[in-house]
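Chemist: Prediction below, plus the sequence it came from.
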Amino acid sequence: MTIFNLFSKRQKQLRGEVADVYIYNLIPKPLRVQIIHIWHDSLGDKTDYHRKPNVKVIYKKIVETLCREYGVFQLTDRIYNDEYHNRSYIQELSNFFLQEKTAEKVLDVIELSFYCIGTITREQDYRHINNSSEIADNSIAELNTRFKEHGIGYQFEDEKIIRVDSQFLHTEAVKPALVLLNRKEYAGAQQEFLSAYEHYRHGKQKETLNDALKSFESTMKTICDKQGWTYDSKDTSKRLIEICYQNGLVPTFWQQHMSALRSLLEGGVPTGRNKLSGHGQGATPTTVPEYIVSYVLHMTAAAIVFLVRAEQDIK
């Protein structure tokens, strides 16, 4: 669906009322309503409930999944019924989504519903719909645009909600890293990279650093496997970088002029993890500042992009 740059939006921009710093713990009601509109466009609304049985199945799946994970029998205090006195899953989900005060649970609903939009709409029951894949892609694109409009620091990427700190860094480092890792051979590194962002979203700083380093190392191991370079499964990141350099991942004439790059790869992500989360913290618990974790995450993404593209360039 086309997103209109309405007069009121333009006036807010002129008055400087558009948020230039992302927020994370508040999902405003207008955004929630816009997301429900996206559900209706892509999955169907209550007018489709009986004409298209698969619409009910999808909303039932979303509601029952959330109920099971939350350990409840229903999402709202009140059970909503349709005109046939059957449980109205679409109404139950919508009312829960509009009323829920915990931002993380609201994000749960968004993540699960858009996962369904991106996968279920490609299944057999939806093949009669023209351009069902395009509908899913457009729905996810609109969701991410709405997040930006409201200054909400999240994006839906690779079937997950991930936290965004800088739109520039997200566009130039994180998204390219996700694209490059979205291949069978990089499945392990991709899983660890997404896990790092999932921990980051939930404020688990040390776990974030640990998974960021794992993803960095798994990327290099995959490159070694693809190129037939020998390494030990217990090799640290420093040794893996050494192997990559010895085998010409970076041409020799560039190595001489890019010693700082090697130092950054060897000392950036690994040092951040080892100093802050990789060893026992002793008697006094260590606190990892969020801004350092953000820096290491973006550094990891940039390093992965560099390594994978360098491997692609090997003749």
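Modeler: Yep, it's here.
Chemist: all strands of this structure, in order?
Modeler: Using DSSP state E, the strands of the chain run over residues 154-157, 160-163.
Chemist: May I see those organised as CSV, with mean neighbour count and distance to Ile90 added?
Modeler: Placement of C-beta: from N, CA and C, glycine included. As requested, those are arranged in CSV below (neighbours: other CB atoms under 10 Å; distance: least, CB to CB, whole Å):
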stretch, mean neighbour count, distance to Ile90
strand 154-157, 21, 21
strand 160-163, 21, 21
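Chemist: so which of those strands comes closest to Ile110?
Modeler: strand 160-163 (6.4 Å; CB to CB).
Chemist: Over that closest one, what's the mean pLDDT, rounded is fine.
Modeler: Across strand 160-163, the average pLDDT comes to 89.
Chemist: and if you look at stretch 167-186?
Modeler: Per-residue pLDDT over stretch 167-186 has a mean of 86.
Chemist: State the distance from His37 to Lys148.
Modeler: 17 Å (CB to CB, to the nearest Å).
Chemist: Show me which of these two is the more surrounded one.
Modeler: Ranked by neighbour count (other CB atoms under 10 Å), His37 and Lys148 place Lys148 first, with 16 against 13.
Chemist: leaving aside the residues next to it on the chain, what's closest to the more buried one?
Modeler: Counting by CB to CB, 6 or more residues apart in numbering, Gln167 is the residue found nearest to Lys148 once chain neighbours are left out, at 7.2 Å.
Chemist: Check Glu192 too.
Modeler: Leaving aside its chain neighbours, Glu192 sits nearest to Ser215 (3.8 Å; criterion: CB to CB, 6+ apart).
Chemist: Low-confidence ranges, this structure, go.
Modeler: The chain contains residues with pLDDT under 70 at 1, 13-21, 48-53, 83-84, 121-132, 253-288, 315.
Chemist: any idea how far Pro289 is from the residue nearest to Lys148?
Modeler: Separation of Gln167 from Pro289 (CB to CB): 22 Å.
Chemist: try Tyr24
Modeler: Distance from Tyr24 to Pro289, by CB to CB: 16 Å.
Chemist: okay, now the residue nearest to Lys148: neighbour count?
Modeler: 12.
Chemist: about what we covered before: of Tyr24 and Pro289, which one has the most company?
Modeler: Set Tyr24 next to Pro289 and count neighbours by other CB under 10 Å: Tyr24 wins out with 16 against 10.
Chemist: Spit out the contact partners of the residue nearest to that one when sequence neighbours are not counted.
Modeler: Nearest residue to Tyr24 in three dimensions, chain neighbours excluded: Gly153, at 5.1 Å (CB to CB, 6+ apart). Residues counted as contacts of Gly153 (CB atoms under 8 Å, 6 or more residues apart in numbering) are 22-24, 147, 163-165.
Chemist: Kindly report the same for Gln155.
Modeler: Applying CB under 8 Å, 6+ apart, the residues near Gln155 are 144, 147, 161-162, 164, 170.
Chemist: what about Gln34, distance to Gln11?
Modeler: 19 Å.
Chemist: cool, and Gly151?
Modeler: 16 Å.
Chemist: Look at those two and report which has more neighbours.
Modeler: Counted by other CB under 10 Å, Gly151 and Gln11 do not tie: Gly151 has more neighbours, with 15 against 10.
Chemist: That one is in contact with Tyr22, isn't it?
Modeler: Yes. Here Gly151 reaches Tyr22: they are 5.8 Å apart, a contact under CB atoms under 8 Å.
Chemist: Can you name the residues bridging to the residue sitting nearest the centre point of the chain?
Modeler: Central residue of the chain (CA atoms, centre = their mean): Ile162, 3.1 Å from the mean position. Counting by DSSP bridges, Ile162 forms beta bridges with Gln155.
Chemist: residues in contact with it?
Modeler: Shown in contact with Ile162 (CB under 8 Å, 6+ apart): 154-156, 174, 194, 197-198, 200-201.
Chemist: ok, which pair from these is furthest apart?
Modeler: So, the contacts of Ile162 by CB to CB: farthest apart are Phe156 and Tyr200, at 15.5 Å.
Chemist: Next, count neighbours for Thr230.
Modeler: 7.
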